[in-house]
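Asks: would you be able to build a 3D model of this:
(3 chains)
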Amino acid sequence: MSPVSDPLRPADFASDVFEVVRVVPKGRVTTYGAVANCLGAKKASRRVGWVLNKSFSVAPAVPAHRVVNRLGQLTGAMHFPKDRPMASMLEAEGVQVQDATVVDFKALFWDPMTEL
DNA sequence: CATCTGACCTAGT
DNA sequence: AACTAGGCCAGAT
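Replies: I've put the predicted structure just below:
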């Protein structure tokens, strides 16, 4: 099935990113590359981060805190609102975070490509 | 207007 | 196995 639009269109790409991230189950995490790969552009992982930057203004809210880099590091934590720290959001969902890194990330990893 | 950077990742050497 | 380079694309300087 094709729940996603054409990744060729920037606007659709953003929409798809939001959609995929929103599907990530609570207490699980995914990666930029996994999302990009799911959209058919695994080399565009950078854009995913750029798109997520605007995810704070969209509705329904996008759980961007569930997106980390390939090493399980919360590289985007610094860009989160001070009132809603990325690490705290994750820990509130049962995800242990140690030193800006998801503990047991490999087990908590949720691949939209495989699961979807 | 040209250049660099950035919530990254894969592939080639 | 470690390192370098390339790719993606929009915003900032």
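Asks: every contact and neighbour count from this point should use C-alpha atoms.
Replies: Will do.
Asks: mind checking the SS state of residue A:94?
Replies: For residue A:94, the assignment made with DSSP: H, G, I helix; E, B strand; the rest coil gives coil.
Asks: ok, now which ones touch it?
Replies: If you count contacts by CA atoms under 8 Å, 6 or more residues apart in numbering, residue A:94 has them with residue A:27.
Asks: would you quantify the distance from it to DNA strand B?
Replies: Separation of residue A:94 from DNA strand B (CA to the nearest atom of the strand, to the nearest Å): 18 Å.
Asks: likewise for residue A:50?
Replies: Residue A:50 sits 5 Å away from DNA strand B, going by CA to the nearest atom of the strand.
Asks: over to residue A:26?
Replies: On the measure of CA to the nearest atom of the strand, residue A:26 and DNA strand B end up 16 Å apart.
Asks: over to residue A:56?
Replies: With CA to the nearest atom of the strand as the criterion, residue A:56 and DNA strand B are 7 Å apart.
Asks: pretty sure that residue contacts residue A:63?
Replies: No. Here residue A:56 does not reach residue A:63: they are 9.1 Å apart, not a contact under CA atoms under 8 Å.
Asks: out of the two, which sits in the busier spot?
Replies: residue A:63 (21 against 14; other CA atoms under 10 Å).
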